[in-house]
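[1] everything below, folded, please.
(one chain, ligands or ions: 1)
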Amino acid sequence: MATKVLLIGATGETGRSIANGLLNAGGFEVYAFTRAASVHKPQLLDLEKKGVIIRQCDLTAPKEELAEALKGIDIVVSSVGPSDQHIQHNIATAAKVAGVKRFIPCGFITICAPGGIMWLRDEKEKVYNHIKQIKLPYTIIDIGWWYQIATPRLPSGKIDYAMTTSNDELIGDGRTPSSFTDLRDIGKYVAKIIVDPRTENKMVFAYNVVMSPAEIFDTVERLSGEKVERRYIPEETVHKRVAETRASSETYPFEPTKFTARFVAEYQLSWGIRGDNVPEYAKYLGYLDAKELYPDFKPILFEEYVQELLHGTATGVYTDRISRIY
Ligand SMILES: NC(=O)c1ccc[n+]([C@@H]2O[C@H](COP(=O)([O-])OP(=O)(O)OC[C@H]3O[C@@H](n4cnc5c(N)ncnc54)[C@H](OP(=O)(O)O)[C@@H]3O)[C@@H](O)[C@H]2O)c1
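    A predicted model of the protein is given here:
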């Protein structure tokens, strides 16, 4: 019998990767919770065409109503946007009431210890703590940094069609190793991890390659034959950015222009300076390593992604909502 998986955030970048990963893997009946405002979103209609079953429900509904909407669901996977982590508390409580067998809260970021380094990590950890307090079976999945937002722009503009920002910054000398993943592989990992008994109540680190950002730039340069612009950002500048963006984002309500700058600065602090986003540190923190769990998994390599970019066949991220900032 197919495993019934309900996705929260299915229309998003990570959510669509997860939906595709589950549909392509087979053995899953895939449901998507969607709020009323989003029922006509093209991304949702596209998922519906592919076989995803839509359940309309507001995550702020009373937990009895949410539990009713979760009836018969085996696994919940959440991939809500960075500013929406808190909305998962209700649905986790309802999942416990509904007897959901496993809850995958929205992780899907880089490796970093909780407790004051990254606000985003700490927001996610509050959800994890809630899940553990209500004794809901869970798996936390982190994935490193997407290729799709790590690649620098080419001066010719050849890959602009798939760029989100110019991505010309290197932190320090740019040689701090970090883990990277193709966004499209996230769903493939998820399809394996969520039904694996070894990953119940565990954290899993699923990443494709470990490279330094400077090596990412070098690879793009080598394969394109173009000189890539590099803006070296001294560590003191990152520390200054962190201090300033923290000071300006301490008060709510959430204001993207303040918090997004803080996410970026704190990411740079964590993976760029501290060197947190590597498999060794993930292991130290207690993560299982997906490369050891699934040695046969063939990830998309960074070079393959760059070749797609250069051939004009890659897909950009957030193309539906942001004006490009280069
Ligand atoms: N590792 C990396 O490199 C990386 C990069 C980017 C993001 N991330 C992480 O990945 C996670 C997902 O981010 P994303 O950029 O993929 O997300 P996204 O594209 O912004 O999509 C967010 C999804 O959450 C849903 N959502 C938000 N608020 C909701 C609400 N109140 N009720 C119901 N649904 C709601 C949205 O639904 P609607 O369709 O209704 O709007 C959408 O489906 C984030 O938490 C972030 O931390 C990681």
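
[2] how about the strands in this structure?
    The residue ranges that make up the strands of the chain, judged by DSSP state E, are 3-8, 28-34, 53-56, 75-78, 102-104, 139-142, 145-146, 169-171, 178-181, 202-205, 209-211, 231-233, 287-289.

[3] for the ligand, what's the nearest residue on the chain?
    residue 12 (2.1 Å; C-beta to the nearest ligand atom). The way it works is simple: take the backbone N, C-alpha and C, and place the C-beta from them, glycine included.

[4] out of the strands of the chain, which comes closest to residue 268?
    strand 169-171 (5.2 Å; C-beta to C-beta).

[5] and the residue of the chain closest to the ligand, what does it touch?
    79, 80, 81 (C-beta atoms under 8 Å, 6 or more residues apart in numbering).

[6] isn't the second one right up against residue 106?
    Yes. Counting by C-beta atoms under 8 Å, residue 80 touches residue 106, with 5.1 Å between them.

[7] who touches both of those two?
    When contacts are counted by C-beta under 8 Å, 6+ apart, residue 80 and residue 106 are jointly contacted by 8, 9, 88.

[8] count of neighbours near the nearest residue in space to residue 312 that is not next to it in sequence?
    Spatially, and ignoring its direct neighbours in sequence, residue 312 is nearest to residue 161 (7.0 Å; C-beta to C-beta, 6 or more residues apart in numbering). For residue 161, the neighbour count with other C-beta atoms under 10 Å is 13.

[9] quick check: longest helix in the protein by residues?
    helix 119-133 (DSSP state H).

[10] and it, how far from the chain's centre?
    In this view, helix 119-133 has its centroid 15 Å away from the chain centroid, taken as C-alpha atoms, centre = their mean, to the nearest Å.

[11] what's the spacing between the residue most central in space within the chain and residue 34?
    The residue lying closest to the centre of the chain (C-alpha atoms, centre = their mean) is residue 108, at 3.5 Å. In this view, residue 108 and residue 34 are 19 Å apart by C-beta to C-beta, to the nearest Å.

[12] what is the mean pLDDT for stretch 258-276?
    Across stretch 258-276, the average pLDDT comes to 94.

[13] I meant stretch 96-112, not that one.
    Taken as a whole, stretch 96-112 has a mean pLDDT of 98.

[14] next: stretch 317-326.
    Stretch 317-326 comes out at a mean pLDDT of 66.

[15] how about the closest residue to residue 176 other than its chain neighbours, what does it touch?
    Excluding the flanking residues, the one nearest residue 176 by C-beta to C-beta, 6+ apart is residue 275, at 4.8 Å. By C-beta under 8 Å, 6+ apart, the contact list for residue 275 reads 176, 177, 178, 281.

[16] so the first one touches residue 273, yeah?
    Yes. Using C-beta under 8 Å, residue 176 makes contact with residue 273 at a distance of 7.1 Å.

[17] these two: which has the busier surroundings?
    residue 176 (19 against 16).

[18] contacting residues for the more buried one?
    Residues near residue 176 by C-beta under 8 Å, 6+ apart: 212, 213, 271, 272, 273, 275.
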